[in-house]
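Visitor: fold the following.
(2 chains)
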Number of protein chains: 2
Amino acid sequence: MKNNRRHFLQSAAAVTGGALLAGIAGSKEAQAAVQSGNLPPDVPSWMKKLGTGVEAAPYGEPVKYERDVIRRNVPFLTATTESSVSFTPLQDLDGVITPNGLCFVRDHGGTPVVDPVQHRLMIHGLVERPMVYSMVDLMRFPTESRIYFTECAANGGMDWRGAQMQGVQFSHGMVHCCEWTGVKLSTLMNETGVSPKAKWMLAEGADAAAMTRSIPIEKAADDVLVAWSQNGERLRAENGYPLRLVVPGWQANTSVKWLRRLKFGEEPWETREETSKYTELMADGKALQFTWAMLAKSVITRPCPEKPLAGKGFCEVSGLAWSGLGKVKRVDVSFDGGANWAPASLQEPVLTKSLTRFRIPWEWNGQLAYLQSRVIDETGYIQPTIVEMRKAWGSNAVYHKNAIYTWRVNQNGTVDSVEVN
Amino acid sequence: MKNNRRHFLQSAAAVTGGALLAGIAGSKEAQAAVQSGNLPPDVPSWMKKLGTGVEAAPYGEPVKYERDVIRRNVPFLTATTESSVSFTPLQDLDGVITPNGLCFVRDHGGTPVVDPVQHRLMIHGLVERPMVYSMVDLMRFPTESRIYFTECAANGGMDWRGAQMQGVQFSHGMVHCCEWTGVKLSTLMNETGVSPKAKWMLAEGADAAAMTRSIPIEKAADDVLVAWSQNGERLRAENGYPLRLVVPGWQANTSVKWLRRLKFGEEPWETREETSKYTELMADGKALQFTWAMLAKSVITRPCPEKPLAGKGFCEVSGLAWSGLGKVKRVDVSFDGGANWAPASLQEPVLTKSLTRFRIPWEWNGQLAYLQSRVIDETGYIQPTIVEMRKAWGSNAVYHKNAIYTWRVNQNGTVDSVEVN
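Guide: Okay, here's the model as predicted:
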């Protein structure tokens, strides 16, 4: 990757006949200001007076100039905003960590405000020692911190049916990536003595929907966290305060928020959210059930409809890739709708079941271009085309759309979502 | 590390004659609730009504129950709050990422509110092509994202002189750890054609103090970022919006906030902040200058004065370690004031010049204990004792106190800061 980038930079320098990256020549006042010896611009007003004291913001907030960087919902998408979703503004984000204030929210009965002193987690069913834990109890256990992505199964669902949402916030924004801290579920399973007969676990949330999912015992005993912390601080209410499951790599609604109950049993419970919802209707009328893992997906977040190109010349194309099955191994980018591909560089460290930032330098010649990214994960799984997906899945499904996505860059630099076959 | 923990858990089980971790037996209502078949407690009030809709919090904030988790300042510490500091609440944090709202703030002339449209970065002095960049220009360059700690040189300075601040927020809270995104300074140096004669770089901030530091060219060309993003989103005003240097591993005031100017030259500029301040007065009356790297330090963040022990039995001792010279290699913990040491486990991934979370299981017998942590970094540097530090540095210095720190756990579970010789 490094060689690739170095080679590009050399090319860019050659093109422009100097060391400058093509098109980034600095502001127009540069030469005048530098030659006159004056600082550019004149000393600004904010240097001429004292700023705000450190006591002003005990808990800091974004600066006023960034007030448009927010989660957004789609009013017509759902009948109520209590059972609805807001989307992460991927177009505005860098790196891989999603700040807590911008993590997408998917609620089924609204966000409850749960009193952490009153909150309890009950563990029962096929266990030797049924238990009821307070938050104080839970926070005494050995802890673990991991960076994982969390993606709603319906991410991309609107485009799945050809809606072609204009903007990466709505087409891909039901995903976030945080550092989670909590106790491993396997520790609690050991503590309560889960029976060898138990093959499934029911997780129930303390919201008005009592969000409830069945999770197979192998996953429960593997890498699942019972978490109370998100990017260092306690969970936000809308992300499950004071306690939630984090089921790495699986559809987000298995990561039950406001977690109040874990029951172990021999069979799945066939809850609403794993029968009438979160199943995929195939072309033949049958439905797939228990399609938990979010398969590898990638998307270019810059440029995108919300972030058009400013002009010809150098442009870093950047995006996110992830896989519910493990680490991202490679991301390729195409500028011609999939005819030719070039490998992008991956930001280190590449972590399992985490977002991975990819980047590739591009010199835009001002002509129509079709940008795509394609991820390959460590299992060898390759992100499919939309044609491959429709062939395998039909077009009735709402969930698990992970097809290669296409941005058309128009000659004026604007960017549209298009479906390329 | 894994073997160590497993061994402990087996021991704990043996002690209590079952699989329970000693002391964590769940809430008192457990057996009654479980045996009666009722959920614990009765279905809470927040499950009986719809919660808040997703449109309610376009940019989310912490839940009301966490309103005491804030940055705090020490009113008597400085003459004004514009040239002052607020401290990160390390006692409340998990993992290694510091959420942006809780990152400590050290300002020299208050926090300015800088208009990103008007803001410029000038690069001049010994360069072939002096440049003035707007934010739009800068954000077109190739980017990099890295997780680094940022520590004020004065972190621990109050205790350096024996103040024994009671609480980890004030004794160690001038440090935070974020994922930064920006352009590598070396890229801008290539663009502007820094002369081989240039040995130093001056960085100037656009605050009322015009915070100014000299940085040697070798560091500038190495791993320094010109950053606009912090944990995914744009910088907060108090952390340098819209642009700052990130000088990994070095005293934080070299990571100049509100960055407006970089000048290349042959000699350091001997600014106020590298002559009368940010130098260390030795016992012989001479002062050390340009002591940039923050040497390896560690501290136990739980238990601590703000987080006393709830009772006897199992307790996970957890803390943070870091080194400005590279990666943390190992952290040892002592429960008897440094007589005996045991290795802690390190949370993966261990990243260079980043905070590293360490943990070790402990069974507290209710008796007086003296807890210490000691980090060794990948260069082999070992965190010194306070005796070693005073021997080498005297007691006049304010900056770079990185000595092993001692928490005395009293019989009632409260925790005090003490100096153990």
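Visitor: hey, let's count contacts and neighbours off CA atoms from now on
Guide: Noted.
Visitor: name the helix or strand for A:V136, please.
Guide: Element membership for A:V136 (DSSP states H and E) is helix A:135-138.
Visitor: that helix vs chain B: in contact?
Guide: Yes. Under the criterion of Cα under 8 Å from any Cα of the partner chain, chain B is reached by helix A:135-138 at A:D137.
Visitor: downstream of that helix, the next helix or strand is which one?
Guide: strand A:144-151.
Visitor: please name every helix or strand in contact with that next one.
Guide: Applying 3 or more Cα pairs under 8 Å, 6 or more residues apart in numbering or on different chains; DSSP states H and E, we find strand A:144-151 packed against strand A:175-184.
Visitor: for chain A, what are the low-confidence residue spans?
Guide: A:1-41, A:161-164, A:421 (pLDDT under 70).
Visitor: mind splitting it into its structural domains?
Guide: The record's domain parsing of chain A by automatic domain parsing lists A:84-288, A:297-418.
Visitor: state the number of residues packed around A:T80.
Guide: Burial of A:T80 is recorded as 15 neighbouring residues (other Cα atoms under 10 Å in any protein chain shown).
Visitor: can you give me the strands for the stretch 301-421 of chain A?
Guide: Counting by DSSP state E, counting those that start in this stretch, one finds strands in the stretch 301-421 of chain A at the ranges A:313-322, A:328-334, A:342-343, A:345-346, A:356-364, A:369-377, A:406-409, A:415-418.
Visitor: ok, how many other residues are close to A:V63?
Guide: The local packing of A:V63 (other Cα under 10 Å) involves 17 other residues.
Visitor: burial count for A:P216?
Guide: A:P216, neighbours per other Cα under 10 Å, totals 18.
Visitor: that one contacts A:W200, correct?
Guide: Yes. The pair A:P216 / A:W200 is scored as a contact, 4.4 Å apart, by Cα atoms under 8 Å.
Visitor: identify the contacts common to these two.
Guide: Residues touching both A:P216 and A:W200 (Cα atoms under 8 Å, 6 or more residues apart in numbering or on different chains): A:P268.
Visitor: what's A:H172 in contact with, if anything?
Guide: Contact analysis of A:H172 by Cα under 8 Å, 6+ apart lists A:L90, A:N155, A:G156, A:V299.
Visitor: swap in 7 Å and give it another go.
Guide: Applying Cα atoms under 7 Å, 6 or more residues apart in numbering or on different chains to A:H172 gives the contacts A:N155, A:G156.
Visitor: tell me how far it lies from chain B.
Guide: 16 Å (Cα to the nearest Cα, to the nearest Å).
Visitor: what about that residue, distance to A:A321?
Guide: Noted for A:H172: a distance of 11 Å to A:A321, by Cα to Cα, to the nearest Å.
Visitor: same deal with A:G394?
Guide: A:G394 sits 24 Å away from A:A321, going by Cα to Cα.
Visitor: so the two - more neighbours on which side?
Guide: More crowded of A:G394 and A:A321, by other Cα under 10 Å: A:A321, with 27 against 17.
Visitor: what's across from that one in the sheet?
Guide: Beta-bridge partners for A:A321, by DSSP bridges, are A:S298, A:T356.
Visitor: hmm, it is touching A:S354, no?
Guide: No. Judged on Cα atoms under 7 Å, A:A321 makes no contact with A:S354 at a distance of 8.5 Å.
Visitor: ok, the nearest residue to A:A252 once chain neighbours are set aside - contacts?
Guide: Leaving out its chain neighbours, the residue that sits closest to A:A252 by Cα to Cα, 6 or more residues apart in numbering or on different chains is A:C152, at 4.7 Å. For A:C152, the contacting residues are A:M174, A:V175, A:Q251, A:A252, A:N253, by Cα under 7 Å, 6+ apart.
Visitor: alpha carbons only: can I get the helix holding A:V136 in CSV?
Guide: Presented in CSV, the C-alpha positions along helix A:135-138 are these (Å, rounded to 0.1, in the frame of the first residue of the first chain):
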residue,chain,number,x,y,z
MET,A,135,-25.3,-2.7,38.4
VAL,A,136,-23.0,-2.5,41.4
ASP,A,137,-22.7,-6.3,41.4
LEU,A,138,-22.0,-6.5,37.7
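Visitor: list the buried residues for it?
Guide: Under the neighbour-count criterion of 16 or more other Cα atoms under 10 Å in any protein chain shown, helix A:135-138 has A:M135, A:D137, A:L138 buried.
Visitor: for A:R67, what are its contacts?
Guide: Contacts of A:R67 (Cα under 7 Å, 6+ apart): none.
Visitor: where's it relative to B:P305, distance?
Guide: Per Cα to Cα, A:R67 is found 38 Å from B:P305.
Visitor: in chain A, which spans are helices?
Guide: For chain A, the helices defined by DSSP state H cover A:2-16, A:30-36, A:135-138, A:157-160, A:168-172, A:185-192, A:217-220, A:386-393.
Visitor: starting at the chain centroid, how far to the third one?
Guide: Pointing back at helix A:135-138 there. Relative to the centre of its chain, helix A:135-138 is centred 29 Å away, using Cα atoms, centre = their mean, to the nearest Å.
Visitor: doesn't A:P142 make contact with A:G182?
Guide: No. A:G182 is not in contact with A:P142 according to Cα under 7 Å; the separation is 8.1 Å.
Visitor: who has more neighbours out of the two?
Guide: Between A:G182 and A:P142, counted using other Cα under 10 Å, A:G182 has the larger neighbour count: 26 against 21.
Visitor: once you drop chain neighbours, what's closest to that one?
Guide: Nearest non-adjacent residue to A:G182, counting by Cα to Cα, 6+ apart: A:A227, 3.8 Å away.
Visitor: what sits against that neighbour?
Guide: Going by Cα under 7 Å, 6+ apart, A:A227 touches A:W180, A:T181, A:G182, A:V183, A:L243, A:R244, A:L245, A:V246.
Visitor: again, 10 Å this time
Guide: A:138-139, A:143-145, A:180-185, A:234-235, A:240-246, A:255, A:257, A:259 (Cα atoms under 10 Å, 6 or more residues apart in numbering or on different chains).
Visitor: now do A:K197
Guide: A:L126, A:V127, A:F264, A:G265, A:E266.
Visitor: quick one: which of those has the most company?
Guide: A:F264 (25 neighbours).
Visitor: list the beta-bridge partners for it.
Guide: When bridges are called by DSSP bridges, A:F264 pairs up with A:G125, A:M201.
Visitor: fine by me, we can end here.
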